[in-house]
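K.L.:
here is a sequence together with a model predicted from it:
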Amino acid sequence: MRASAKDLRFHSKSLLDAVSRGEEVIITYRGKPCAKLAPLDEADKEELQADPLFGLWKDHKLTQNVDRYVRDQRKGRF
């Protein structure tokens, strides 16, 4: 399947649905292929889970309320 960068921007869910069905999606920019979305195989999934940084903030107290955390990060300094 081929999709433009605009399709990726506006229809990302449908493209991810296609990937979850096992399809590969080639992303084009100005008509030329520039990226590929492909489903992860089991070895890739295990490698991600083994990464020590994966889930680093999962149980961190600052991110219990994600909305508040993001708003605090975006506040001005002064």
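P.N.:
Nice, thanks for sending it over.
K.L.:
following element in sequence after the lowest-mean-pLDDT helix or strand in the chain, please.
P.N.:
Across the helices and strands of the chain, mean pLDDT, DSSP states H and E gives its lowest value to helix 42-50, namely a mean of 76. Beyond helix 42-50 on the C-terminal side, the first helix or strand identified by DSSP states H and E is helix 66-74.
K.L.:
tell me how far that next one is from the chain's mean position?
P.N.:
20 Å (CA atoms, centre = their mean, to the nearest Å).
K.L.:
who does it touch, helix- and strand-wise?
P.N.:
The contact analysis (3 or more CB pairs under 8 Å, 6 or more residues apart in numbering; DSSP states H and E) places helix 66-74 against no helix or strand. Bear in mind the C-beta positions are built from the backbone N, C-alpha and C, glycine included.
K.L.:
same question for it, mean pLDDT?
P.N.:
If you average the pLDDT over helix 66-74, you get 85.
K.L.:
so what touches that helix?
P.N.:
Residues from elsewhere that reach helix 66-74 (CB atoms under 8 Å, 6 or more residues apart in numbering): Leu62, Thr63.
K.L.:
sorry, back to before: roughly how far is the least confident helix or strand of the chain from the heart of the chain?
P.N.:
On CA atoms, centre = their mean, the centre of helix 42-50 falls 16 Å from the chain's centre.
K.L.:
fine by me, thanks again.
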